[in-house]
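Asker: what would the 3D arrangement of this be:
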Amino acid sequence: MRAGDELPPLEIPVTRTLIVAGAIASRDYQDVHHDAALAQEKGSPDIFMNILTTNGLVGRYITDHFGPSAVLRKVAIRLGAPNYPGDTMVLTGKVASIEGGIARVEVVGANGIGRHVTGTVTVQLPAMEGAGA
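Answerer: Residues are numbered from 1 along each chain as shown. Sure, this is the predicted structure:
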């Protein structure tokens, strides 16, 4: 693995259940994440995913690629287009740098209306088995 390498894309179906479960799991009880009628009253076409669920999915994307021994050191994301039920978010990533066992990965998550999330993840890579042997 080296700077410039691209991670394979990960498609995540954005279901109503995923949005509500993510909000509940992160103790985010704002009605826009679970009540469609109240979300519409506030100007949204439907409920939408909260940032903590997005943050978790970005982390999953990185650890799915680098393995369960990888350690997330920093996840810095910015939200854009909302994730609404019925859409699909596609996460993509590119290794920006690797130095001293630490990789910096630029991540984008796009859906049908645009970029939902952009950011950078700093991850401590797992020690390679047999390294130094």
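
Asker: number of nearby residues for E106?
Answerer: Other residues within reach of E106, judged by other CB atoms under 10 Å, total 16. C-beta coordinates here come from the backbone N, C-alpha and C atoms, glycine included.

Asker: didn't V123 look like it was pressed against V107?
Answerer: No: with contact defined as CB atoms under 8 Å, V123 does not count as touching V107 (10.7 Å).

Asker: give me the common contacts of these two.
Answerer: I62 (CB atoms under 8 Å, 6 or more residues apart in numbering).

Asker: tell me where the model's unsure across this protein.
Answerer: Within the chain, the stretches with pLDDT under 70 are 128-133.

Asker: biggest strand in it by residues?
Answerer: Of all the elements of type strand in the chain, the one with the most residues (DSSP state E) is strand 87-99.

Asker: can I get the helix or strand just after it in PDB? Just the C-alpha atoms.
Answerer: Moving toward the C-terminus from strand 87-99, the next helix or strand (DSSP states H and E) is strand 102-111. Taking C-alpha atoms only, strand 102-111 is exported to PDB below (Å, rounded to 0.1, in the frame of the first residue of the first chain):
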ATOM      1  CA  ILE A 102       0.200   5.700  10.000                       C
ATOM      2  CA  ALA A 103      -2.000   6.200   6.900                       C
ATOM      3  CA  ARG A 104      -4.000   9.300   6.000                       C
ATOM      4  CA  VAL A 105      -7.000   8.400   3.800                       C
ATOM      5  CA  GLU A 106      -9.200  10.900   2.000                       C
ATOM      6  CA  VAL A 107     -12.800   9.600   2.000                       C
ATOM      7  CA  VAL A 108     -15.900  10.700   0.000                       C
ATOM      8  CA  GLY A 109     -19.400   9.300   0.400                       C
ATOM      9  CA  ALA A 110     -21.700  10.200  -2.400                       C
ATOM     10  CA  ASN A 111     -25.400   9.600  -2.900                       C
END
